[in-house]
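> Fold the stuff below for me.
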Amino acid sequence: MDPPPPRSAAPAVPAERAAAPDPSSADERPAPTAPQRARFTPHLLFFPAATLYGALLLPWSVGAMLLVAPAPASLATPFGHAHEMLLGYALAVVAGYQLPPMARARAFALFAVWVAARVAFLGVHGVLGVVFDIAFAAVLALHVAPRLFRAAKKVRNQALPLVLTALCAGAVAFDIALLASGAATLQALTSAVVLLLTTLMLFMGGRIIAPAAAGQRYRQGEALAARVQPRLEGALLVVMAAAVALVALPALDGWLRLACAAAGVLALVRLARWQLWACRGRPDLVCLGMGYAWLGAGLLAVAATPPGALRTAALHLITIGALGTLTLNVMASTLLLRLRRSPATERTLVVATVLVGSAAVLRVAAAAAPVQATPLLLAAATCWSAGCLAALWLIGRSARAVAKRVPRPHEPA
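Purely as a prediction, here's the structure:
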């Protein structure tokens, strides 16, 4: 095993825990007992389910909006599409990554709430769908935020539970607004949730990529000076907090665009300082870097576009390019590392990354060329679905392999 990086440059999330669901420091927890090791990890449920849901439901929604595929009325609107992208797919990935190991019955109960919310949204929608969605968001926040607040030893690290709590609150507000609010309110809430997810990806992306890049450079006999880059990270958190607050004030859209421009530049500078091109034989790190690059590009695109169709397309650089690339790669890497397999050997991740990136480019092209919007949107949906299915092949079989190693409660750990 390689020695850890020097303490002066060590990130808050150790390198060996960079892809694990619990971001607290491993050396701050007592050694696990046999019952603790036997606990069930929720990502074995949420990761494959989220990937399959993303592969099937989101392209189905696009087909419904283009009137080329029959679908429930709840999926045939832009806000219904956004709802399932953000609250259906993304929140399930967050749950899988952040929920700690727990009793098998509790993990399955939480998963059942998420499934019930999806079924209710697709079927009856209305109040029942809102109730299940709110229940899932509330339970997720209660399971994750208090633990992370206790584990955060530095003020900067408290950003993670704060953002997660705000994300769950935004999900609740989005659900309630779907029942009675107008398009302007829904658009503001959609943008706020996207920016909260962006903040989460900027934070967690740094805590995953930086130690992984530093470890690879160490194995190459080199040193990476710029790791977590706390000053840049702090500046990103500040400008993203300002952007989220400004979403609700249309009169201050110019300030929102300025905040997004600053965040985009900071994100790309931070990415460049990781020097991922120098990490030899690590296509998985390049894929993660592509996801982080989509964050910077998406924020700059938001800054460059006024509200309207082009702004919506700019947000899709984040929700397709960044969210798709980062979530698929992190989900697969988390499971592979549990199997003690290197993500660097899995070419499937490269294929999924290219397909998701193509989907993002095609979605923006549809906004830039309205005459060809329908075929471009269908092509984007096809690429997205293909990318998710490629990742699902890896995520699904990895989850099954991990599950076979999890002892049952009556078995020795």
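> drop to CA atoms for contacts and neighbour counts, all remaining ones
Noted.
> where along this structure do the strands fall?
Using DSSP state E, the chain contains no strands.
> Could you identify the longest helix within it?
helix 183-219 (DSSP state H).
> Sort out which residues of that helix are buried, please.
186-218 (16 or more other Cα atoms under 10 Å).
> what's the average pLDDT for that helix?
Mean pLDDT, computed over helix 183-219, is 94.
> what packs against that helix?
Applying 3 or more Cα pairs under 8 Å, 6 or more residues apart in numbering; DSSP states H and E, we find helix 183-219 packed against helix 78-83, helix 159-180, helix 230-246, helix 283-304, helix 323-338.
> could you dump those to CSV with distance to A112, mean pLDDT and mean neighbour count?
Shown next, in CSV, are the helices and strands packed on helix 183-219 (distance: least, Cα to Cα, whole Å; pLDDT from 0 to 100; neighbours: other Cα atoms under 10 Å):
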stretch, distance to A112, mean pLDDT, mean neighbour count
helix 78-83, 19, 92, 19
helix 159-180, 18, 92, 20
helix 230-246, 31, 95, 18
helix 283-304, 30, 97, 24
helix 323-338, 20, 96, 24
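> Of all these, which one comes closest to M102?
Across those, M102 has its closest neighbour in helix 323-338 (16.6 Å, Cα to Cα).
> What are the contacting residues of that closest one?
With Cα atoms under 8 Å, 6 or more residues apart in numbering as the contact definition, helix 323-338 has outside contacts at 19-20, 47, 51, 90, 93, 97, 201, 205, 284, 287-288, 290-292, 342-343, 349, 352-353, 356-357, 388, 391, 394-395, 398-399, 402.
> Filter those down to the buried ones.
For the contacts of helix 323-338, buried by 16+ other Cα under 10 Å: 19-20, 47, 51, 90, 93, 97, 201, 205, 284, 287-288, 290-292, 343, 349, 352-353, 356-357, 388, 391, 394-395, 398-399, 402.
> Now do stretch 320-336: distance to the chain's middle.
From the chain centre to the centre of stretch 320-336 is a distance of 7 Å (Cα atoms, centre = their mean, to the nearest Å).
> my bad, should have said stretch 264-284
19 Å.
> Can you give me the end-to-end span of it?
Stretch 264-284 has an end-to-end distance of 23 Å (criterion: Cα to Cα, to the nearest Å).
> buried set for that stretch?
Applying 16+ other Cα under 10 Å to stretch 264-284 flags 264-268, 270-271, 274-276, 279, 282-284 as buried.
> show me the contacts for W393.
Taking Cα under 8 Å, 6+ apart as the test, W393 contacts no residue whatsoever.
> try Q187
F79.
> and if you look at L202?
L236, A267, Y292, L295.
> for A359, same thing?
A359 touches I320, G321, A379, A380, A381, T382, C383, W384, counting by Cα under 8 Å, 6+ apart.
> Chain neighbours aside, what residue packs nearest to it?
A380 (4.1 Å; Cα to Cα, 6 or more residues apart in numbering).
> Dump the contacts of L202 to TSV, plus distance to A69.
Compiled in TSV, those are given as follows (distance: Cα to Cα, whole Å):
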residue	distance to A69
L236	41
A267	38
Y292	33
L295	31
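> Which of the contacts of helix 323-338 fall within helices?
47, 51, 93, 97, 201, 205, 284, 287-288, 290-292, 349, 352-353, 356-357, 388, 391, 394-395, 398-399, 402.
> Please report how far L196 lies from A403.
Taking Cα to Cα, one finds L196 at 32 Å from A403.
> For L376, give me the pLDDT.
97.
> Same list, the helices and strands packed on helix 183-219, but as JSON lines with distance to A55 please.
JSON lines is the format used below for these (distance: least, Cα to Cα, whole Å):
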{"stretch": "helix 78-83", "distance to A55": "13"}
{"stretch": "helix 159-180", "distance to A55": "21"}
{"stretch": "helix 230-246", "distance to A55": "28"}
{"stretch": "helix 283-304", "distance to A55": "18"}
{"stretch": "helix 323-338", "distance to A55": "11"}
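> closest to P101 out of those helices?
helix 323-338 (13.4 Å).
> what's the angle between the closest one and helix 183-219?
Following axes from the mean of the first three to the mean of the last three Cα atoms, to 10 degrees, one obtains 40 degrees for the angle between helix 323-338 and helix 183-219.
> and helix 323-338, how far out from the chain's middle?
For helix 323-338, the distance to the chain centre is 10 Å (Cα atoms, centre = their mean).
> Dump it to CSV, keeping only the CA atoms.
The C-alpha atoms that make up helix 323-338 are tabulated as CSV, following Å, rounded to 0.1, in the frame of the first residue of the first chain:
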residue,chain,number,x,y,z
LEU,A,323,-24.3,15.2,-13.6
GLY,A,324,-24.4,12.2,-16.0
THR,A,325,-20.6,11.9,-16.3
LEU,A,326,-19.8,12.3,-12.6
THR,A,327,-22.6,10.2,-11.2
LEU,A,328,-22.1,7.2,-13.6
ASN,A,329,-18.3,7.2,-13.0
VAL,A,330,-18.6,7.6,-9.2
MET,A,331,-21.2,5.0,-8.9
ALA,A,332,-19.2,2.5,-10.9
SER,A,333,-15.9,3.4,-9.2
THR,A,334,-17.4,3.0,-5.7
LEU,A,335,-18.6,-0.5,-6.4
LEU,A,336,-15.4,-1.5,-8.2
LEU,A,337,-13.2,-0.3,-5.3
ARG,A,338,-15.3,-2.4,-2.9
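> That helix versus helix 283-304: what angle between them?
Using the same axes, to 10 degrees: helix 323-338 against helix 283-304 is 160 degrees.
> and H81, what does it touch?
Under the criterion of Cα under 8 Å, 6+ apart, the neighbours of H81 are L58, S61, V62, L75.
> Which residues are in contact with the third one?
With contact set as Cα under 8 Å, 6+ apart, V62 has these partners: A76, H81, L377, L378, A381.
> got a winner among the residues you listed for most neighbours?
Highest neighbour count within those, by other Cα atoms under 10 Å: A381, with 27 neighbours.
> quick one: that one and L57 touch, right?
No: between A381 and L57 there is no contact under Cα atoms under 8 Å: 10.2 Å.
> Sweet, I'm off.
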